[in-house]
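In: Mind folding the following:
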Amino acid sequence: MASDDGTGEFVRDPLGVAERITADGSSPWPVEAGRYRLVGARACPWANRVIITRRLLGLEDAISLGIAGPLHDERSWRFHLDPGDVDPVLGIEYLREAYEKAIPGYDKGVTVPAMVEVSSGKVVTNEYAALERDLSTQWRALHRDGAPDLWPDPEAIERIGEGVFHDVNNGVYKCGFASTQAAYERAFRALWARLDELSEYLATRRYLVGDTITQADIRLWVTLVRFDAAYHGHFKCNRHKLTELPVLWAYARDLFQTPGFGDTIDFDQIKQHYYGVHTTINPTGVVPLGPDTAGWLTPHGREELGGRPFGDGTPPGPPPAGERVPEIG
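Out: Model (predicted):
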């Protein structure tokens, strides 16, 4: 997942399979309902981004979803929540098997999300940012009626997303995996400078770009929703808890209570993964019982800022029965 650049700073490894699935013939992988299985994990924010996008666009019938469990070892993400520890569609125990089918002798990172071609069992891509965009653009013919436009202003979304990625999404990892005090402090200061900037920006705006939910909100939210459960303590991002930041806490609750967001979250799996897998940070493997999650369902008051969550579209329906997460409260 990462390496040290010699200064003690966390450096995210490059993605190993960066193909694209397209409808316009620009890649060897065509858009086709039922051809691919999205493998994610409830614990992983990068996978969560794509899972939310799939939910909002109503692509559940077109792309099946496999969920790797929160625990894994050096052999990669494992389907330990499925009967027999095997994904029921792909017939594999470890996600690495699908990477090795695509690239024999594969020696790079085995990450989620990964889009796997069902018939061959090969990973097509683990490029999460391209997947998000392609689900909105290349897969448009298979969207549900009422699917929202998650890319109304690509330039603005990418501009905001760039800072969010470096300082927030990846920033919490830079804090958690820093191996020198100086590297940690640089990451910590960049994280909180960006969160302060976002808090000020969102104090008068319900969403990051325009008056509807966009991919920019999805990208920020997956880190915020994990902040108190994992990043505040486990990754030492502890200037404040999310619940102590009035604007960002209200913003995060607003989205949590929006169909397609909170119904993808399993806080127990999030904690099991971070505290149970990162043994260099938490060698005992002890998983905390807190924090209390009931506050996610309290009123947020963000409606007063206006905005239309789905624009001219409509909310997604309930998750399919096999994809539901435990209720909180």
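
In: Okay, now the unreliable bits of the chain?
Out: The model of the chain has pLDDT under 70 over residues 1-6.

In: cutoff 80 now
Out: Residue ranges of the chain with pLDDT under 80: 1-6, 15, 329.

In: now the strands for it?
Out: 2-4, 10-12, 21-22, 29-30, 36-41, 64-68, 72-73, 76-77, 114-117, 122-125 (DSSP state E).

In: Which strands or helices does the second one pack on?
Out: For strand 10-12, the packing partners by 3 or more CB pairs under 8 Å, 6 or more residues apart in numbering; DSSP states H and E come out as strand 2-4, helix 171-176. Bear in mind the C-beta positions are built from the backbone N, C-alpha and C, glycine included.

In: before we move on, back to that, tell me which of the strands of the chain sits most buried.
Out: strand 114-117 (a mean of 27; mean count of other CB atoms under 10 Å).

In: How about residues contacting that strand?
Out: Outside of strand 114-117, the residues within contact range by CB atoms under 8 Å, 6 or more residues apart in numbering are 17, 21, 29, 35-39, 63, 66, 90, 95, 98-99, 122-126, 131.

In: Please repeat the previous calculation with a cut-off of 6 Å.
Out: For strand 114-117, the surrounding residues in contact (CB atoms under 6 Å, 6 or more residues apart in numbering) are Tyr36, Arg37, Leu38, Val39, Ala98, Val123, Val124, Thr125, Asn126.

In: ok, now stretch 311-322?
Out: Contacts of stretch 311-322 (CB under 6 Å, 6+ apart): Arg55, Leu56, Gly58, Glu60, Gly146, Ala147, Pro148, Thr212, Pro259, Gly260, Asp263.

In: Can you give me every residue that contacts the fifth one?
Out: With contacts taken as CB under 6 Å, 6+ apart, Gly146 has the following neighbours: Gly313, Thr314.

In: Let me know how buried the closest residue to Val286 other than its chain neighbours is, in neighbour terms.
Out: The shortest distance from Val286 to any non-neighbouring residue, by CB to CB, 6 or more residues apart in numbering, is to Tyr275 (6.8 Å). Tyr275 has 21 neighbouring residues, counting by other CB atoms under 10 Å.

In: Tell me how far Tyr275 lies from Trp192.
Out: 23 Å (CB to CB, to the nearest Å).

In: Quick one: end-to-end distance for stretch 259-276.
Out: 29 Å (CA to CA, to the nearest Å).

In: and what of stretch 107-115?
Out: First residue to last in stretch 107-115 (CA to CA) measures 18 Å.

In: which parts of that stretch are buried?
Out: Gly109, Val110, Thr111, Val112, Pro113, Ala114, Met115 (16 or more other CB atoms under 10 Å).

In: any idea which of those residues is closest to His72?
Out: Relative to His72, the closest of those is Val110; by CB to CB it sits at 8.7 Å.

In: Please verify my assumption that the closest one contacts Ser76.
Out: Yes - using CB atoms under 6 Å, Val110 is in contact with Ser76, at 3.7 Å.
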